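Student: Give the three-dimensional model of this entry:
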Amino acid sequence: MPSTTPKLYTFEQYFLKHSTQGARLHKWLEHTWLPAYGAKSALILDAVFADHMPQIAVVAEWDSVDQANALRPPAAELEDHAEPPYEHFSRSLLQATDYAPPFDWSAPAPRFYEFRIYHSPTWRQHKALHERFAGPEIPIFHRSGIHPVLYTSALFGPWMPNLIYFTPFDSLGAREAAWAKFNADPEWIRVRAESIEQHGQSNAFMTVAIYKAAAYSPLR
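Tutor: Here you go, the predicted model:
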């Protein structure tokens, strides 16, 4: 019988300065971290738009928390340098939802990825937000051209409770057109109004960042 345990992911953000840090970190990720990771379920990203630039982010799938902790930064070979490997980094542990549809990760070229955090004021509203996504919202996403690859919530990390998801786009123009279509969708306008009336504003605020997959990223 297949396991029903939700998949676990780490989301790591490496905050850099304009120096040699980015090139050194990419070299380490490609030639040291990925071979040690030994799996294909990793997404390595460069920030295009984020609250800290430059930035490299890594999304990786794990079988357990112990497995994730066995392969964590910083790396000794990166620290053995006059300049630190990054200014600082953050790490969140994410758990996949049970409503995420399957997705084809194959792509002819690296894509742009939009990262969104929706923070709910209460756990009751957090539950309502997930129910809205699992119900009418995802079909509206799909017909608007929005196809997230991961829907998760943080088990540990900032701004909890939250819903975190990642969406690929072939171009920034395609992203802009898809969100314009979604926001104008009559069903979405109705669903959102009904959700606010019943539960209040389930999304107190959101954080948005845009990344582009590295050329060597196993998932892109």
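
Student: Show me what the mean pLDDT comes to for the helix or strand in which residue 210 is found.
Tutor: Assigned by DSSP states H and E, residue 210 belongs to strand 205-213. The pLDDT scores in strand 205-213 average 94.

Student: Equivalent analysis for stretch 90-109, please.
Tutor: Here the average pLDDT along stretch 90-109 is 82.

Student: follow-up on the earlier one: now tell me what touches the strand holding residue 210 from outside.
Tutor: Contacts to strand 205-213, defined as C-beta atoms under 8 Å, 6 or more residues apart in numbering, come from residues 43-51, 57, 110-119, 159, 172, 175, 219-220. All C-beta spots, glycine's among them, are computed from the backbone N, C-alpha and C.

Student: Which residues belonging to that strand are considered buried?
Tutor: Of the residues in strand 205-213, 209, 210, 211, 212, 213 count as buried by neighbour count, 16 or more other C-beta atoms under 10 Å.

Student: And it, how far out from the chain middle?
Tutor: Put simply, strand 205-213 sits 8 Å off its chain's centre (C-alpha atoms, centre = their mean, to the nearest Å).

Student: List the strands paired with that strand, with their directions.
Tutor: Here strand 205-213 is paired, per DSSP bridges, with strand 42-49 (antiparallel), strand 112-119 (antiparallel).

Student: And the buried residues of strand 205-213, which is closest to residue 187?
Tutor: Residue 187 lies nearest to residue 210 out of the buried residues of strand 205-213, by C-beta to C-beta, at 26.3 Å.

Student: Tell me how many other residues surround residue 114.
Tutor: Counted with other C-beta atoms under 10 Å, residues neighbouring residue 114 total 21.

Student: surely it meets residue 169?
Tutor: Yes. Look at residue 114 against residue 169 with C-beta atoms under 8 Å: they come within range, at 6.7 Å.

Student: anything in contact with each of those two?
Tutor: With C-beta under 8 Å, 6+ apart, residue 114 and residue 169 have common neighbours residue 175.

Student: ok so, going back, how about the strands paired with strand 205-213, which one is nearest residue 128?
Tutor: Minimum separation from residue 128 across those (C-beta to C-beta) falls at strand 112-119, 11.5 Å.

Student: May I see the buried residues of that closest one?
Tutor: 112, 113, 114, 115, 116, 117, 118, 119.

Student: Likewise for stretch 190-207?
Tutor: Neighbour counts over stretch 190-207 (16+ other C-beta under 10 Å) mark 191, 192, 195, 199, 202, 203 as buried.

Student: which ones are touching the residue nearest to residue 157 when sequence neighbours are not counted?
Tutor: Nearest residue to residue 157, sequence neighbours excluded (C-beta to C-beta, 6 or more residues apart in numbering): residue 92, at 3.0 Å. By C-beta under 8 Å, 6+ apart, the contact list for residue 92 reads 10, 11, 154, 156, 157, 158, 164.
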